[in-house]
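Participant: Just the structure for this:
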Amino acid sequence: MTGRLFSALLAVTLLFRFWLAYAFPMSGDEAYFVGWGWRPDWGFYDHPPMVGWWLAALLPFGSNEVWLRLPAILQPALLAWAAYSILPALAPATITPMSDERRRWIALLILLAPVNVWNVFMTTDTPLIYFSVLSALAWIRASRGSDADETTPWRWYLLCGLFLAGAVLSKYFAAILGFAYLIDALRQLRRDRRPLAGLFIAYACTVPALAVMAWWNSESCWPNFMFNFVNRHGDAQWSAATPLLYAVTLLYMLTPPALWLVWKHRRSDRGAAPSVPSLGVIAGLPLLLFALLSLVKPIGLHWLLSFVPFTLIWLGLRLSPPSLRRLGAFFVGFAALHMLAIVVVSRLPLETWQKTRFYDGIVLTFESPALLKELQPYLNSNPPMAEPGWVLAMDGYSSAATLGYNARQHVVVFGEGSTYARQDDITTDFRTLAGRNILVLKKTEPVLDQYRPYFRTVTVDSFEVRGARFWRVKGEGFDYPAYRDGVLSAVRKKYYALPGWLPQNGCYFCDRYFPGETCCR
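Facilitator: Numbering: from 1, shown residues only. As a prediction, the model looks like this:
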């Protein structure tokens, strides 16, 4: 693995990722987060605000997919560089310096980890991965400084804490990383108390971030708490299938050869580099916690993205040079297979997927210009919500976000929606739509009786795009009081039944629609 070969592989992967970001339209999740960037705030319904802030910074300079995805496109390369740069510092001066070849192979494992080949999507995980990996590398460097009797590891603990604060403002999974630091500090406590003091520094850095989140939630119905810890876990139960699914996810994300080598070398130090116990804790503890959680809950592939690099670094330090080369060669071949498969699939006609249940969503994503042409008479008439004209709506959050991104205007979510992605509860005030005309675009044939109670008159027609049929439900004269009693009251009971012990300084939902009443169980 020469420097020239590594540079060539890096260039190929970057070119592929730029092409993929250009060729693949904005996904529903990404479009939803772009909506956060359009209206930056101190918090958002589902998660802390970091990705919304990043997108708000990018949007003034362009709104095309490649530009808005730039942090995600560059992420594997930047993380590989960060690992390459910090690896020599993990070896005490008494140990033979780590070879450049080993560093390059380890960086290559991070660069070509399966998900890193194709994941160009700008989501809440993008800033979380940056901050988590950089924070953990700083923690490991500080711990290695303690091992080497370094007298000033404090700057690394401070850096660790600042990055941890960024992770906290990105997603609540940052708590798992903070817990790993605690376990690692306690592991070192008998021989060195500096890591515990360093943990205090790191935790102290997160206090302002936590204070911002607590303040915004207390003023805004505690939506982060309700979504992450209450509403989304109603289906949690013991299952034999979810642990198996988690095992399959690990097999894919780390690859079978790497996972086998992790198991084989779990107790050995056969590599040229020294053991780094802190790295083992940070790599292993989160995966173990997810394994326990998988007993009752499916573990999303994206949940693991922040922790895979540490497992690959840990493994790369332990493998003998020949084993490391063979594993790296496998990663190169597996990445090439991914690229080839994606290119082949991209050349297939859209109708290839016509018999699948998600074909209408594919058409909505890839053929939004054709849909917008059918909706042209109803567009650009509702940015000021109090003005006359038609209000464009859909009945799902992801679909509404996708259509809104492509139309460059807000699309209302009409109806109860789902547990996920309820930012429209904050954005849309249905009181201002009283008497307005609302067009609800649907991907399934509507039942008009579900709409008649909320409008003076309701009509429906349909059109077809690439073999997928869409329906336009046109409701004239929106009856807000009926909608409040028939839909919003049910939403309140289902998603805003706040525990009484939570301090409430305000609630956009109850303050708007049920003044004088608190959102409380």
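Participant: Now that residue 106 has come up, it's in contact with residue 317, right?
Facilitator: Yes: taking contacts as Cβ atoms under 8 Å, residue 106 lies within contact range of residue 317: 7.3 Å. For every residue, glycine as well, the C-beta is placed using N, CA and C.
Participant: Helix, strand, or coil at residue 14?
Facilitator: Put simply, residue 14 is helix when judged by DSSP: H, G, I helix; E, B strand; the rest coil.
Participant: Which of the three states applies to residue 355?
Facilitator: coil.
Participant: That one: neighbour count?
Facilitator: Residue 355: 8 surrounding residues under other Cβ atoms under 10 Å.
Participant: Equivalent analysis for residue 178, please.
Facilitator: Using other Cβ under 10 Å: residue 178 sits among 17 other residues.
Participant: same question, residue 8
Facilitator: Neighbours of residue 8 (other Cβ under 10 Å): 11.
Participant: Where does it fall, secondary structure wise?
Facilitator: Using DSSP states H and E, residue 8 sits within helix 3-23.
Participant: what sits against residue 6?
Facilitator: The neighbours of residue 6, taking Cβ atoms under 8 Å, 6 or more residues apart in numbering as the test, are 104, 107-108.
Participant: would you turn the residues you listed into a markdown table with neighbour count?
Facilitator: What follows is these, written out as a markdown table (neighbours: other Cβ atoms under 10 Å):
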| residue | neighbour count |
| --- | --- |
| 104 | 22 |
| 107 | 28 |
| 108 | 27 |
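Participant: Of those, which is the nearest to residue 427?
Facilitator: The closest of the contacts of residue 6 to residue 427 turns out to be residue 107 (Cβ to Cβ; 41.9 Å).
Participant: Can you check the pLDDT for the closest residue in space to residue 415 that isn't next to it in sequence?
Facilitator: Spatially, and ignoring its direct neighbours in sequence, residue 415 is nearest to residue 395 (4.7 Å; Cβ to Cβ, 6 or more residues apart in numbering). For residue 395, the pLDDT comes out at 92.
Participant: about what we covered before: would you turn the contacts of residue 6 into a markdown table with pLDDT, distance to residue 167 and secondary structure?
Facilitator: Shown next, in a markdown table, are the contacts of residue 6 (pLDDT from 0 to 100; distance: Cβ to Cβ, whole Å; DSSP: H, G, I helix; E, B strand; the rest coil):
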| residue | pLDDT | distance to residue 167 | secondary structure |
| --- | --- | --- | --- |
| 104 | 94 | 27 | helix |
| 107 | 96 | 22 | helix |
| 108 | 97 | 25 | helix |
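Participant: Quick check, the residue nearest to residue 415 in contact with residue 417.
Facilitator: Yes: using Cβ under 8 Å, residue 395 makes contact with residue 417 at a distance of 7.4 Å.
Participant: What are the buried residues along the helix or strand residue 262 falls within?
Facilitator: Using DSSP H and E, residue 262 maps to helix 256-264. The neighbour-count check on helix 256-264 (16 or more other Cβ atoms under 10 Å) flags 258-259, 261-262 as buried.
Participant: How about stretch 321-337?
Facilitator: Buried residues in stretch 321-337 (16+ other Cβ under 10 Å): 323-324, 327-328, 330-332, 334-335.
Participant: burial count for residue 183?
Facilitator: Neighbourhood size, residue 183 [other Cβ under 10 Å]: 12.
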